[in-house]
Every structure is written in structure tokens, then in C-alpha cells.
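> Have a look at this prediction, sequence included:
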Amino acid sequence: MENGFIDRGIGHTPEVVASPPKEYEIVVIGDRCKECSLCINVCPKDVLARGQRMNKKGYRATVPVKPEACVGCRVCEWACPDFALFVRPSEKAIGRVEWSDGEEVISH
Ligand code: SF4
Ligand code: SF4
């Protein structure tokens, strides 16, 4: 079983056996971000915003400011040209910005 479905083979509709996850963890790798704002602009739920901390390239990294609003569509992840953020199912809504000297955590 994977992703809440049982695959009964070709010609059969997969059977839903579990609810999809409702909470997500959004992780930004601070030093990879180049402040292009693509992720912020494509997010349908306004989860992401421009942060204040400057990274080693001189850009202000994206911050997941409203992780509780994330619906796990992963459009932000696909939009990022620098593989700087990732979204995964989680027990609780949480946003992180990871830095070489630690991390900022936003959770609800
Ligand atoms: S997964 Fe979707 S809703 Fe969540 S932060 Fe990314 S674009 Fe926004
Ligand atoms: S799309 Fe990637 S590089 Fe651009 S602002 Fe978002 S996290 Fe940073």
C-alpha cells in the first residue's frame, strides 16, 4: 500500500483506504534561495513570504510563514529553480528555514 491506496492491478480502480495527510512540513534551504519569489507567487494559499535574513549569496530567503494553510500541492517545490524548498506530509503543520548555524521554525 502506498499513498493510502491499494492497487488491485490493471483494469481495477484503486481502493482508497486512508485519508490523505492534512498537515505538511515546508523546508527551505536558506543558502540556496536567490530571492526570485517564484514560490511565493505560485502558492495558492499565501503560505510563503520574503524573509529578512540574508543568506551567503546576499539574498533574503523565503520563509514559510503560514504552514497551517499549506495544502501540500507542491507547486512551490516544482517552481523553485534552485531546489531550495521541499514539502512533505507531517504530523503537524510546520515551516523551517535551515541555515548552516541552525534553523528557524514556524509551527502551529
Ligand atoms: S505546497 Fe502548495 S500550498 Fe503548500 S506552500 Fe507550496 S505552493 Fe503553497
Ligand atoms: S523559488 Fe526557490 S530560489 Fe526562488 S524565492 Fe522561492 S525558494 Fe528562493
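That came through fine. Ligands and ions are numbered 1, 2, ... in the order given.
> mind listing the strands for this structure?
All strands of the chain, identified by DSSP state E, fall at 5-6, 15-16, 24-29, 48-54, 60-64, 85-89, 94-99, 102-107.
> Dump these to JSON lines, plus mean neighbour count.
No exception for glycine: its C-beta is placed from N, CA and C like everyone else's. Output for the strands of the chain, formatted as JSON lines (neighbours: other Cβ atoms under 10 Å):
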{"stretch": "strand 5-6", "mean neighbour count": "13"}
{"stretch": "strand 15-16", "mean neighbour count": "11"}
{"stretch": "strand 24-29", "mean neighbour count": "22"}
{"stretch": "strand 48-54", "mean neighbour count": "15"}
{"stretch": "strand 60-64", "mean neighbour count": "24"}
{"stretch": "strand 85-89", "mean neighbour count": "17"}
{"stretch": "strand 94-99", "mean neighbour count": "20"}
{"stretch": "strand 102-107", "mean neighbour count": "13"}
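> Next to ligand 2, which bits of the protein? Give me the list.
Residues of the chain lying close to ligand 2 (Cβ under 6 Å from any ligand atom) are 28, 33-39, 62, 79-80, 82, 84-85.
> For the strands of the chain, give me a markdown table that also has distance to residue 73 and mean pLDDT.
Listed next are the strands of the chain as a markdown table, based on distance: least, Cβ to Cβ, whole Å; pLDDT from 0 to 100:
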| stretch | distance to residue 73 | mean pLDDT |
| --- | --- | --- |
| strand 5-6 | 18 | 60 |
| strand 15-16 | 19 | 66 |
| strand 24-29 | 9 | 97 |
| strand 48-54 | 12 | 96 |
| strand 60-64 | 14 | 97 |
| strand 85-89 | 8 | 96 |
| strand 94-99 | 15 | 96 |
| strand 102-107 | 19 | 90 |
